[in-house]
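>>> here are the coordinates; sequence isn't available:
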């Protein structure tokens with residue numbers, strides 16, 4: 001299904017896939033459904049309500065909310081009014097909210113609840129363009145409208161002319177601005193990425209061609225922030241276009257329980273979810289009796305051998321297929337039940353996925369297909385297909401997308417997916433898109449047999465004082481394969497050797513310490529104990545022993561707490577803010593290098 005604008009995409013979806021359960025959400029302990037007809041009615045009433053509030057084509061409307069059906073209502077209602085959607089992460093601080101409201105000139109902001117409304121209220125006086133706040137819940141609030149009131153305003157106009165919204169939604173040209181998405185700001189000031197209807201629709205069309213396996217019988221569980229273009233394009237617009245039912249997870253923490261309840265057939269996620277699932281499985285296996293551990297290791301070996309035949313597109317021998325069937329019954333069926341028992345495909349993006357994790361789940365019959373892109377590219381540039389994939393790579397370019405590698409190794413891309421530019425930042429736009437239309441991604445990688453492999457971010461490359469270049473991400477990925485390590489951040493730029501900040505898997509570490517009679521007051525005390533540090537130094541040495549000498553980590557520092565959104569170390573899509581971590585733990589880093597020399 002091809003569409004000129006996102007409004008066209010929506011109307012085609014609700015008309016073609018007229019479903020009783022188009023959206024699902026959980027309320028009062030039960031899952032509830034919104035039909036295609038109910039979806040359309042909500043969008044159209046809100047869209048006409050926005051028109052009554054004075055919203056005109058090209059005006060900016062912000063959404064400050066967690067994932068929920070009302071997010072989709074507000075988004076599509078704004079687009080149907082030919083206005084521009086400005087999403088704001090629900091985890092944003094009042095200062096971050098103010099920056100986006102002011103920079104975008106948003107005139108209306110939808111907020112999900114009282115907590116989000118309070119952020120806007122705190123800064124509202126400093127955002128002169130903002131005229132209306134609309135709360136998605138029905139409770140009255142001073143200075144805000146309820147979503148129900150906006151729908152009530154739009155309903156009479158819809159009754160009078162049922163085709164009014166459909167007609168208006170067709171007025172934007174495909175090249176008109178659809179959304180301004182502010183980068184999460186891992187370094188420096190956030191930039192507003194301007195994406196047109198054509199940018200996003202081209203990406204949806206190309207992604208649908210790459211994933212023809214999805215259809216109206218499928219269910220997608222949505223939990224990544226809809227503010228992020230990966231979830232918005234792949235987990236939302238693409239699913240709409242294919243008639244997939246979208247179920248909104250209650251929260252990130254509730255995802256495991258929601259998977260068991262909804263039993264999705266497809267999910268988009270970042271690697272952190274797969275890493276945590278892998279860690280939980282490994283911890284359970286480690287606690288099993290010896291016989292079960294041996295059966296698990298045997299099954300995993302059989303699964304990996306079978307999976308590699310699938311990757312190579314060769315037929316597995318009959319004897320191996322028989323062993324795989326036994327392994328599936330004894331081991332893999334239990335792993336599949338953890339994700340609801342119906343899952344066809346996991347789609348991974350937003351950060352590098354380790355080959356080991358991809359192969360582990362592939363061996364169990366849970367296919368993780370990794371892709372690559374940026375907000376500026378709508379977002380997908382390359383992706384592994386269900387019938388054409390290679391773990392350890394991010395797949396082949398989508399149809400219509402050009403990719404080339406610059407002389408310095410930077411990945412460049414060109415095509416209909418590349419943004420219109422950065423809002424109010426012409427110099428930054430000119431710096432990112434060259435005169436021939438190539439967007440400079442800032443990532444480093446290489447192409448082999450048409451498959452793209454990412455090696456690191458250009459700005460993250462560590463250059464030691466001896467002039468050696470080190471790509472930290474693959475090494476950090478290797479460290480995270482250890483059952484003891486949750487997160488690792490390599491240090492060493494302009495230093496004489498590489499070091500690392502290490503976040504332990506505390507549950508595993510505390511069990512290890514208890515089994516050896518190591519007493520501790522709290523986690524800060526635990527990570528400071530010499531025997532614990534020595535244990536982690538050995539784990540790091542084992543994980544990186546195959547590296548070149550100049551790449552090997554010479555010193556580590558153990559952190560007493562996990563990285564978090566609240567602590568400021570993670571972006572809303574759970575990527576580590578490397579510069580924030582380095583600044584936050586500067587004293588600890590400096591101590592690692594005091595009087596030290598590479599061993």
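That came through, no problem. What you see is a predicted model, and the numbers here were worked out from it, not measured in a lab.
>>> ok, and what's touching whatever helix or strand residue 193 lives in?
For residue 193, the host element (DSSP states H and E) is strand 192-196. Applying CB atoms under 8 Å, 6 or more residues apart in numbering, the contact partners of strand 192-196 are 86, 100, 103-104, 174-183, 229, 375-376, 378, 419-425. All C-beta atoms are positioned from the backbone trio N, CA, C, and that covers glycine.
>>> what about 6 Å?
Contact with strand 192-196 is made by 175, 177-182, 375-376, 378, 419-421, 423, as judged by CB atoms under 6 Å, 6 or more residues apart in numbering.
>>> so how many other residues sit close to the closest residue in space to residue 243 that isn't next to it in sequence?
Closest residue to residue 243 apart from its sequence neighbours, by CB to CB, 6 or more residues apart in numbering: residue 17 at 3.1 Å. By the criterion of other CB atoms under 10 Å, residue 17 has 18 neighbours.
>>> ok, residue 460 - contacts?
Shown in contact with residue 460 (CB under 6 Å, 6+ apart): residue 472.
>>> cool, and residue 559?
By CB under 6 Å, 6+ apart, the contact set of residue 559 is 501, 503.
>>> The strand holding residue 193: partners in the sheet, and parallel or antiparallel?
Applying DSSP bridges to the sheet, strand 192-196 is found paired with strand 177-182 (antiparallel), strand 421-422 (antiparallel).
>>> need the helices for the stretch 301-450 of the chain, in chain order.
318-327, 333-338, 355-363, 426-432 (DSSP state H, counting those that start in this stretch).
>>> My error: substitute the stretch 51-200 of the chain in the last question.
69-80, 94-104, 114-123, 147-160, 164-169, 197-210.
>>> what residues go with each domain of this protein?
Domain assignment for the chain by automatic domain parsing gives 6-172+211-269, 197-205+374-457, 461-593.
>>> Between these, which one is closest to residue 330.
With CB to CB as the measure, domain 6-172+211-269 is the member of the domains of the chain nearest residue 330 (20.9 Å).
>>> re the thing from before, mind checking the helices of the stretch 51-200 of the chain for the one nearest to residue 249?
The closest of the helices of the stretch 51-200 of the chain to residue 249 is helix 69-80. By CB to CB, the value is 12.5 Å.
>>> which strands and helices sit next to that closest one?
In terms of contacts (3 or more CB pairs under 6 Å, 6 or more residues apart in numbering; DSSP states H and E), helix 69-80 is packed against helix 6-16, helix 36-52.
>>> Show me the shaky parts of the stretch 51-200 of the chain.
140, 184-188 (pLDDT under 70).
>>> which SS class is the closest residue to residue 242 other than its chain neighbours?
In space, and not counting its chain neighbours, residue 242 is closest to residue 214: 4.5 Å by CB to CB, 6+ apart. At residue 214 the chain is in coil, as set by DSSP: H, G, I helix; E, B strand; the rest coil.
>>> unless I'm mixing things up, residue 214 is touching residue 245, no?
No - assessed by CB atoms under 6 Å, residue 214 is found out of contact with residue 245, at 10.8 Å.
>>> Look up phi and psi at the residue nearest to residue 242.
When read as degrees, to the nearest 10, the backbone of residue 214 gives phi -90, psi 150.
>>> for residue 554, same thing?
phi -90, psi -30.
>>> Surely it is in contact with residue 495?
No - in terms of CB under 6 Å, residue 554 does not count as a neighbour of residue 495; the distance is 9.8 Å.
>>> sorry, back to before: want to throw the contacts of strand 192-196 into a markdown table with neighbour count?
What follows is the contacts of strand 192-196, written out as a markdown table (neighbours: other CB atoms under 10 Å):
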| residue | neighbour count |
| --- | --- |
| 175 | 14 |
| 177 | 18 |
| 178 | 27 |
| 179 | 26 |
| 180 | 26 |
| 181 | 27 |
| 182 | 24 |
| 375 | 19 |
| 376 | 29 |
| 378 | 32 |
| 419 | 25 |
| 420 | 19 |
| 421 | 18 |
| 423 | 23 |
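>>> export those residues to JSON lines and tack on distance to residue 142?
Below are the contacts of strand 192-196 laid out as JSON lines (distance: CB to CB, whole Å):
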{"residue": "175", "distance to residue 142": "41"}
{"residue": "177", "distance to residue 142": "33"}
{"residue": "178", "distance to residue 142": "33"}
{"residue": "179", "distance to residue 142": "30"}
{"residue": "180", "distance to residue 142": "29"}
{"residue": "181", "distance to residue 142": "30"}
{"residue": "182", "distance to residue 142": "28"}
{"residue": "375", "distance to residue 142": "35"}
{"residue": "376", "distance to residue 142": "39"}
{"residue": "378", "distance to residue 142": "39"}
{"residue": "419", "distance to residue 142": "38"}
{"residue": "420", "distance to residue 142": "38"}
{"residue": "421", "distance to residue 142": "39"}
{"residue": "423", "distance to residue 142": "31"}
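>>> These: which two are farthest apart?
Spatially, the most separated pair among the contacts of strand 192-196 is 175 and 182, at 21.3 Å (CB to CB).
>>> Quick one: low-confidence residue ranges for the stretch 451-599 of the chain.
Within the stretch 451-599 of the chain, the stretches with pLDDT under 70 are 595-599.
>>> that older thread, distance to residue 499 added to the strands paired with strand 192-196, as CSV?
Shown next, in CSV, are these (distance: least, CB to CB, whole Å):
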stretch, distance to residue 499
strand 177-182, 33
strand 421-422, 35
